[in-house]
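Participant: build me a structure from this.
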Amino acid sequence: MNSITALSHLSDPERCPLLVVKLGSSLLVNSDGALRRDWLAGLVAELAVLHRAGQRIVIVSSGAIALGAARLGLPQRGRASLPDAQAAASVGQVELAGLYADVLGAQGLVAAQILLTLEDMEDRRRYLNASATLERLLDLGAVPVVNENDSVATEEIRFGDNDRLAARVAQASGADAVLLFSDVDGLYDRPPHQDGAVLVPQVDIIDHTVRSAAGPPQEGPGTGGMASKLAAAEIATRAGIVLAIANGTHDRPLSRVFEQNIGTMFIAQNGPGARKNWLGGRLAKAGTVRVDGGCHAALARGASVLAAGIIAVEGEFARGDFVGIADEQGAEIALGLIEYDAATCRSLMGKRQDAQADILGYAPRSAVIHRDHMVML
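Facilitator: Just a heads-up that it's a prediction; the model follows:
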């Protein structure tokens, strides 16, 4: 159950072991196309403090199109056409990656670039690959910097904004919370420029009133606005992840959020169906793995499904398929995404990790079904 109930909890490595921080184009790039390097260095210095305290960090960063457009001299900040946007992204992503390598390196941190498309998050196998990469990078102490791969994304197949990408990345990485930095303090009960507008500090349920307050998507260098942040909040909270919106225009913006509690927090859905809705809502089971009593007990304590605990494999499935997990009597106890195909699972079942490498011919994965990709029933 997600125990984050205040913005200050986002800096607590016990309550929030993994935090995703999203930065928009308007925060990273001035209207003339120049980088706000000093601002980013200040933010990264704050993130480094959290990292040294034991918190894992993932950055989702926009800015490639804006940077590339300035470098190429393209009109409308590179968004006059899809070919312009793709070309600008190709040039700007190089500069953006170099920037993060420099500012994170100055804090003794290793930057890792990951470029994703919508299909990477929608296709089950590609989703598992992205998730595994994120997990390994985080285990190694690196800071993944994620962006949509705008150089190949099309109008029909794309996130369109990095707010929703951040929510999906939070799911894939097993994050506890997402912090979306904006140019306003958070969600207001009406457009913030109107007299009497009041900041909404907490949203328990996203209903018609909340959606009306968000308004339409914004115009400008970013492609999101409050409406896209609200869509991201719906994705995250349904998966049991807290999402917060805060003002990133200030120097050292994290301190302002954590110490002054200024922002809007969308509370995670902590009911038993929160992650089940994400994992099982659209997918039909391809098969079942049956586990022994020891594995069943370990799953109840939050463990992953290991090959040593599997006693039977039913059905034919491929890596990334959605499968059931049953106890010794055949009663379904969990659902999840499988890391091996059915034939491989049969060859590995009952085997401990030191024996699996001889069977596979390569080092085995950490789990047959990882706890981050599983929901107990």
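Participant: only C-alpha atoms from now on, for both contacts and neighbour counts.
Facilitator: Fine.
Participant: where exactly do the strands run in the stretch 1-150 of the chain?
Facilitator: 18-23, 56-61, 111-116, 143-148 (DSSP state E, counting those that start in this stretch).
Participant: again but with the stretch 201-350 of the chain, I slipped
Facilitator: 202-203, 242-247, 264-266, 287-291, 310-314, 322-326, 332-337.
Participant: so for Glu135, which of the ones you listed sits nearest?
Facilitator: Glu135 lies closest, by CA to CA, to one member of the strands of the stretch 201-350 of the chain: strand 332-337, at 15.3 Å.
Participant: adjacent strands (with direction) for the closest one?
Facilitator: With DSSP bridges as the test, strand 332-337 is paired with strand 322-326 (antiparallel), strand 374-376 (antiparallel).
Participant: pull the number of nearby residues for the closest residue in space to Phe322 that isn't next to it in sequence.
Facilitator: Leaving aside its sequence neighbours, Phe322 sits nearest to Leu337 (CA to CA, 6 or more residues apart in numbering; 4.7 Å). By other CA atoms under 10 Å, the residues close to Leu337 number 27.
Participant: wait, Asn162 sits on Glu148?
Facilitator: Yes - using CA atoms under 8 Å, Asn162 is in contact with Glu148, at 7.0 Å.
Participant: now the common contact residues for those two.
Facilitator: Common contacts of Asn162 and Glu148, defined by CA atoms under 8 Å, 6 or more residues apart in numbering, comprise Ser62.
Participant: these two: who's more crowded?
Facilitator: Asn162 (27 against 24).
Participant: contacting residues around the residue nearest to Phe322?
Facilitator: By CA under 8 Å, 6+ apart, the neighbours of Leu337 are 319-323, 369-370, 373-374.
Participant: can you tell me which of the residues you listed lies nearest to Leu72?
Facilitator: Using CA to CA, the contacts of Leu337 come closest to Leu72 at Gly320, 40.4 Å.
Participant: against Gly336, how distant is that closest one?
Facilitator: For Gly320, the distance to Gly336 equals 9 Å [CA to CA, to the nearest Å].
Participant: and for Leu348?
Facilitator: On the measure of CA to CA, Leu348 and Gly336 end up 18 Å apart.
Participant: equivalent analysis for Pro191, please.
Facilitator: Following CA to CA, the distance that separates Pro191 from Gly336 is 41 Å.
Participant: got it, and Ala166?
Facilitator: Ala166 is 22 Å from Gly336, by CA to CA.
Participant: Leu116 is in contact with Ser151, isn't it?
Facilitator: No - assessed by CA under 8 Å, Leu116 is found out of contact with Ser151, at 10.5 Å.
Participant: ok, back up a step: of Gly320 and Gly336, who's got more company?
Facilitator: Gly336 (26 against 21).
Participant: what's across from the more buried one in the sheet?
Facilitator: Val323, Met374.
Participant: that one is in contact with Val323, isn't it?
Facilitator: Yes - the criterion here is CA under 8 Å, and Gly336 meets it with Val323 at 5.6 Å.
Participant: can you pull the contacts of Asp292?
Facilitator: 309-311, 327-328.
Participant: just the buried residues out of these, in PyMOL syntax.
Facilitator: PyMOL command restricting the contacts of Asp292 to the buried ones, with burial defined by 16 or more other CA atoms under 10 Å:
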select buried, resi 309+310+327
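Participant: pLDDT and distance to Pro253 for the contacts of Asp292 - can I get that in JSON lines?
Facilitator: As requested, the contacts of Asp292 are exported to JSON lines (pLDDT from 0 to 100; distance: CA to CA, whole Å):
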{"residue": "Gly309", "pLDDT": "97", "distance to Pro253": "47"}
{"residue": "Ile310", "pLDDT": "97", "distance to Pro253": "48"}
{"residue": "Ile311", "pLDDT": "97", "distance to Pro253": "51"}
{"residue": "Asp327", "pLDDT": "95", "distance to Pro253": "48"}
{"residue": "Glu328", "pLDDT": "95", "distance to Pro253": "52"}
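Participant: now, which of the contacts of Asp292 sits nearest Ala342?
Facilitator: Ile310 (12.0 Å).
Participant: was I right to think Ala130 contacts Leu118?
Facilitator: No - the criterion here is CA under 8 Å, and Ala130 misses it with Leu118 at 11.8 Å.
Participant: overlap in contacts of those two?
Facilitator: Common neighbours of Ala130 and Leu118 (CA under 8 Å, 6+ apart) do not exist.
Participant: shaky segments in the stretch 251-377 of the chain?
Facilitator: In the predicted model of the stretch 251-377 of the chain, residues 270-284 satisfy pLDDT under 70.
Participant: can you give me the helices for the protein?
Facilitator: With DSSP state H, the ranges of helices along the chain come out as 25-28, 37-52, 64-72, 82-105, 118-122, 124-139, 162-173, 208-214, 226-238, 253-260, 274-280, 293-300, 342-348, 353-360.
Participant: how far does the last one sit from its chain's centre?
Facilitator: Think helix 353-360. 32 Å (CA atoms, centre = their mean, to the nearest Å).
Participant: and it, what's buried?
Facilitator: Under the neighbour-count rule (16+ other CA under 10 Å), helix 353-360 has 353, 356 buried.
Participant: rewinding a little: between the helices of the chain, which gets the lowest average pLDDT?
Facilitator: The minimum mean pLDDT among those belongs to helix 274-280 (a mean of 51).
Participant: mind listing what His296 touches?
Facilitator: Asp327.
Participant: how much space separates Asn2 from Ala239?
Facilitator: For Asn2 relative to Ala239 (CA to CA), the value is 10 Å.
Participant: ok, the two, which is more surrounded?
Facilitator: Using other CA under 10 Å as the criterion, Asn2 and Ala239 rank with Ala239 on top: 25 against 16.
Participant: can you pull the contacts of Met290?
Facilitator: No, residue 290 isn't Met; it's Arg. 310-314, 325-328, 330.
Participant: if anything else comes up later, I'll come back, but that's it for now.
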